[in-house]
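Enquirer: generate a structure from the sequence data that follows.
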Amino acid sequence: MSVVIIGGHERMEAHYREICKKYNCRAKIFTKMPVNLKEQIGNADLMILFTSTASHKMVNCAVSESERNNIAITRSHSSSASALKGILEQYS
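Expert: Here you go, the predicted structure:
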């Protein structure tokens, strides 16, 4: 399964990747808004939005791309490791 994570903390990126690997997921992680986010999202199976740490512009771009590509989307106010594990357990 491929996962796109929007938001979160920079210092947690490696930990997010580690968690995704344990759940057999390939992850693209965007903690900051890149210039071409729309093109980099691709066609994932699941998009996770950490709403407390993502800008409105990032969230709006991600939501529009998920609707355009029929990507399942889930939102979490918390960007903790346990929040990510809980989401991945639901979708695995």
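Enquirer: got the contact list for stretch 21-38?
Expert: Applying C-beta atoms under 8 Å, 6 or more residues apart in numbering, the external contacts of stretch 21-38 come out as 1-10, 13, 16-17, 20, 40-42, 44, 53, 55, 57-58, 61-62, 64-65, 85, 88-89, 92. Bear in mind the C-beta positions are built from the backbone N, C-alpha and C, glycine included.
Enquirer: need the buried ones from those residues selected in ChimeraX.
Expert: Per 16 or more other C-beta atoms under 10 Å, the buried members of the contacts of stretch 21-38 correspond to this ChimeraX selection:
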select :3,4,5,6,7,8,16,17,20,41,44,53,58,61,62,65,88
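Enquirer: restricted to strands, list the contacts of stretch 21-38.
Expert: Using DSSP state E, the members of the contacts of stretch 21-38 that fall in strands are Ser2, Val3, Val4, Ile5, Ile6.
Enquirer: between these, which is nearest Ala81?
Expert: Using C-beta to C-beta, Ile5 is the member of those that sits closest to Ala81, with 11.8 Å.
Enquirer: measure the closest one to Leu46 for me?
Expert: Separation of Ile5 from Leu46 (C-beta to C-beta, to the nearest Å) stands at 9 Å.
Enquirer: between the ones in strands among the contacts of stretch 21-38, which sits nearest Ile71?
Expert: For those, the minimum distance to Ile71 (C-beta to C-beta) is 7.6 Å, reached by Val4.
Enquirer: from what I see, that closest one and Asp45 are in contact.
Expert: No: counting by C-beta atoms under 8 Å, Asp45 is not a contact partner of Val4; they are 9.1 Å apart.
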